[in-house]
Every structure is written in C-alpha cells, then in structure tokens.
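Enquirer: Any chance you could fold what I've pasted below:
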Amino acid sequence: MLLVEDDQSGREMYATALELSGLRVVQAHNGLQAFDKAIALRPDVIVTDLCIPGIDGLELARRLRSDVRTHHIPIIGVTGYATFVSEPERATRAGCDCLLFKPCLPDLLQAEITRRLEDGTS
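Expert: Numbers count the residues shown, from 1 in each chain. Predicted coordinates:
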C-alpha cells in the first residue's frame with residue numbers, strides 16, 4: 001500500500017501501525033512523489049492526506065483515476081480540514097473511494113483498507 005502524508009510523525013505513526021497489521025507500506029510525503037510511486041509500484045491501495053504539497057490529494061486522485069495504469073487502485077482520502085466535513089463529495093468527485101476524518105485512529109484506517117482490499121472497490 002502507498003501512504004501519502006506530509007506530516008512525518010503522522011506518516012510514521014500510521015506506517016508503523018499498518019505494518020504491524022501485516023501490510024507492506026511505501027511512504028510518500030507529497031503528491032508528485034506519490035504519483036510517481038503509484039505508477040512505478042502499482043500498490044493495492046492508496047491512502048492520501050488531501051492537504052499535501054506539490055499536488056494536493058484531490059489532484060493526485062484525479063491524476064490516478066485518469067491514468068490507465070492506476071485507475072483501478074482504491075484511494076482512501078484522509079483530512080483534518082472542516083471544509084470537507086460539509087462537502088465530502090469533493091473527494092469522491094476527484095476519485096477517492098471514501099473519506100476519513102482526522103483524528104483517524106489507525107484501527108479505523110486499517111478496517112477501511114481491509115474493506116477496500118476485500119471488496120476490490122475502486
């Protein structure tokens with residue numbers, strides 16, 4: 001799986017928790033790096049913060065959905081910004097399969113990842 005988060009401590013916390021649950025986690029700290037890694041690695045699922053440098057998570061999702069190599073990969077958006085609470089459809093229109101709100105416990109994120117992988121949702 002590909003984990004995209006610009007906050008190093010948050011990224012490391014999620015990566016550690018997900019690795020302990022048995023997932024292989026590749027990390028990216030910005031949208032451009034994440035897009036390149038997604039193309040190269042074709043992960044089973046992508047978890048991205050929506051507010052990241054380079055290209056934001058919404059643009060990342062749009063680019064991934066428009067590329068034949070990555071259009072099928074489930075994308076889980078994560079955000080702490082209140083504007084998405086009132087407009088979560090912005091994330092789904094961009095290509096996210098679902099949107100979780102911070103603070104998001106690692107167990108909740110793990111459950112959503114598992115659901116996406118089991119359902120093959122994209």
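Enquirer: which residues sit against the strand or helix carrying residue 108?
Expert: In this assignment (DSSP states H and E), residue 108 forms part of helix 106-119. Helix 106-119 has contacts (Cβ atoms under 8 Å, 6 or more residues apart in numbering) with 1, 13-14, 17-18, 21, 23, 44-45, 47, 74, 76, 78, 97-98, 100, 121-122. All C-beta spots, glycine's among them, are computed from the backbone N, C-alpha and C.
Enquirer: do that again at 10 Å, thanks
Expert: Residues from elsewhere that reach helix 106-119 (Cβ atoms under 10 Å, 6 or more residues apart in numbering): 1, 3, 13-18, 20-23, 44-47, 73-76, 78, 97-101, 104-105, 121-122.
Enquirer: ok, of the residues you listed, which come out buried?
Expert: For the contacts of helix 106-119, a burial check counting by 16 or more other Cβ atoms under 10 Å picks out 1, 3, 14-15, 17-18, 23, 45-47, 73-76, 78, 97-100, 104.
Enquirer: Keep only those of these that are in strands.
Expert: 3, 46, 47, 75, 76, 78, 98, 99, 100 (DSSP state E).
Enquirer: Redo those residues as CSV? Include pLDDT and distance to residue 64.
Expert: Putting these into CSV (pLDDT from 0 to 100; distance: Cβ to Cβ, whole Å) gives the following:
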residue, pLDDT, distance to residue 64
3, 98, 14
46, 98, 7
47, 98, 12
75, 98, 6
76, 97, 12
78, 95, 15
98, 93, 15
99, 94, 15
100, 94, 18
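Enquirer: Tell me which residues touch residue 51, please.
Expert: Residue 51 neighbours (Cβ under 10 Å, 6+ apart): 5, 6, 7, 57, 58, 78, 79, 80, 81, 84.
Enquirer: Give the buried subset of these as a ChimeraX selection command.
Expert: Entered in ChimeraX, the line below selects the buried ones among the contacts of residue 51, by 16+ other Cβ under 10 Å:
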select :5,6,57,58,78,79,84
